[in-house]
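# need a structure here:
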Amino acid sequence: MGSHIVSNENIEREQNSFTFVRMSLAVLVIFSHCYRLGGFDQEPLLTFSHNQSSFGSLAVDCFFIISGLFVVESFIASHSVWRYLWKRVLRIFPAYWVCLMTTAFVFGLIVYYFERGNFCYFQTVENNPLRYVGANWFLIIRQRGIANLFATNPYSLDFNGSLWILKYQALCYLSLVLIGFKSMPKYRRQVFLGLFLFFWWANIFEANIKDIASAIAPEVQALGVPNVFVYFLAGSVFFLYVENIPLKRNLFICLVVAAVLGLRMGLHNVVGPVALPYILLYLGKKLPLGKISKWGDYSYGIYIYAFPIQQTLVFFGINRYGILGYFTLSVLITLPLAIMSWRLIEKPCLGLKALELKSLLSILPTRRKKENGKLKPVLSVESTHGGKTENKHYY
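Predicted coordinates:
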């Protein structure tokens, strides 16, 4: 197979298999969580990698790489910082808020009734369900449990342990604004490469840096570089340099071997940030599964709904049927919720990406204006589908 250079101008618009890759990663998170939530033996990758990484943490790292690939493109293409932030808000918050309320008002209520035999759920004082929604509304998870439910589960009291990572996703989005590379297109590749190299090596030598810092200032305990930020930067760098990256099968195979050896030999933090972005880029462009994207991207819904479903299944004793049965049922129940999340929440909200503030403000006046004898629309939204631009007017 010959090499192929990908253009960063149309990586998102070209037919690719990144939707399939994202959904596969979300299912991999479910598989990983089955071990700890179901009370099974240690997850295989943790054993293989000497506790460096689980399948779940590996999948999350890959999510952040793909996010870096596409979010940087979104930032560059946005007309302003506010437009970029508006797109990111639409991508994370609406589905997240609905998930919080579904968890508190549906899953929690069902589990409470079967555990306590009454409907005094909303009257609970400790870890109240209403407080659960309010405390976690802005991505910072301040309340993990609801009404002390799941106390007898192997992973007790935590209703949705997957949500903690979303604040780091939001911080990665904000980091592009803080870096401000939109105003320096000439040097953006060099700046991002420099930042990636710095945080990559800081992450590798964090223990050494901690010791040095502690010797200078005892109150300093650690640099605390999140792995996901390193992988987000890695994806961003690969996007910015993607025109110079040939997609070769031999190189792909070599990097897969290197990634596996890195996991086995205690070098995952060294090899992963370089090997994984290329592996994902290759799979996203070479797998012949691009048509799956026409159905929708259910990966976010799978990720945010799977954990409470898995906890609920354990509560009802489904894990006693073994890891395979527990995993299969977890996926089968999560997928319909993820599909509904995409079709009813995520996709409609993403359709508002082109919404203009002046269009929203025009709704406020009570008097309706007319143009040439016709009623003037109070809201106009421009959307693009299949290369065609449509203007929708709301009266």
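
# Secondary structure element holding G56?
Here G56 sits within helix 55-77, counting by DSSP states H and E.

# Skipping its backbone neighbours, what lies nearest K87 in space?
Counting by Cβ to Cβ, 6 or more residues apart in numbering, K87 lies nearest to K353, which is 5.1 Å off, once chain neighbours are set aside. (Each C-beta comes from the backbone N, C-alpha and C, glycine too.)

# Next: I65.
In space, and not counting its chain neighbours, I65 is closest to G235: 3.9 Å by Cβ to Cβ, 6+ apart.

# Just the angle for the host helix or strand of that neighbour relative to helix 55-77, thanks.
According to DSSP H and E, G235 maps onto helix 227-240. Interaxial angle, helix 227-240 versus helix 55-77 (axes from the mean of the first three to the mean of the last three Cα atoms, to 10 degrees): 50 degrees.

# So for helix 227-240, mean pLDDT?
Averaging pLDDT along helix 227-240 gives 94.

# Give me the distance from that helix to the chain's centre.
Computed by Cα atoms, centre = their mean, to the nearest Å, the chain-centroid distance of helix 227-240 equals 14 Å.

# Show me what it is packed up against.
helix 55-77, helix 166-179, helix 188-204, helix 268-286 (3 or more Cβ pairs under 8 Å, 6 or more residues apart in numbering; DSSP states H and E).

# Return the set of buried residues in the first one.
Using 16 or more other Cβ atoms under 10 Å as the test for burial, helix 55-77 gives 55-69, 71-76.

# what's the answer for the shortest one, then?
Within helix 166-179, the residues that count as buried by 16+ other Cβ under 10 Å are L166, Y168, Q169, A170, C172, Y173, L176, I179.

# Tabulate the residues you listed (CSV), appending distance to Y113 and pLDDT.
Below are the buried residues of helix 166-179 laid out as CSV (distance: Cβ to Cβ, whole Å; pLDDT from 0 to 100):
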residue, distance to Y113, pLDDT
L166, 29, 96
Y168, 35, 95
Q169, 34, 95
A170, 34, 96
C172, 39, 94
Y173, 39, 95
L176, 45, 91
I179, 49, 83
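
# which intervals of the protein have sub-threshold pLDDT?
Confidence mapping of the chain against pLDDT under 70 gives the ranges 1-14, 181-183, 207-225, 357-395.

# Mind doing that once more with 80?
The model of the chain has pLDDT under 80 over residues 1-15, 180-186, 206-226, 356-395.

# Got the domain ranges for it?
Following automatic domain parsing, the chain resolves into domains at 18-350, 357-394.

# Distance-wise, check Q310 relative to T103.
Computed as Cβ to Cβ, to the nearest Å, the Q310 to T103 distance reads 12 Å.

# quick one: which of the two has more around it?
Neighbour totals were compared for Q310 and T103, and Q310 leads with 30 against 25 (other Cβ atoms under 10 Å).

# Now do the contacts for that one.
I30, H33, C34, L37, G38, Y326, S330 (Cβ atoms under 8 Å, 6 or more residues apart in numbering).

# Also R131?
Q143.

# Can you list the buried residues in the strand or helix carrying it?
Using DSSP H and E, R131 falls within helix 129-135. Judged by neighbour count using 16+ other Cβ under 10 Å, the buried positions of helix 129-135 are P129, R131, Y132, V133, A135.

# These into CSV, with extra columns for distance to I345?
CSV is the format used below for the buried residues of helix 129-135 (distance: Cβ to Cβ, whole Å):
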residue, distance to I345
P129, 20
R131, 23
Y132, 19
V133, 16
A135, 21
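
# Tell me which two in the residues you listed are the farthest apart.
Spanning the widest gap among the buried residues of helix 129-135 are P129 and A135, at 10.6 Å by Cβ to Cβ.
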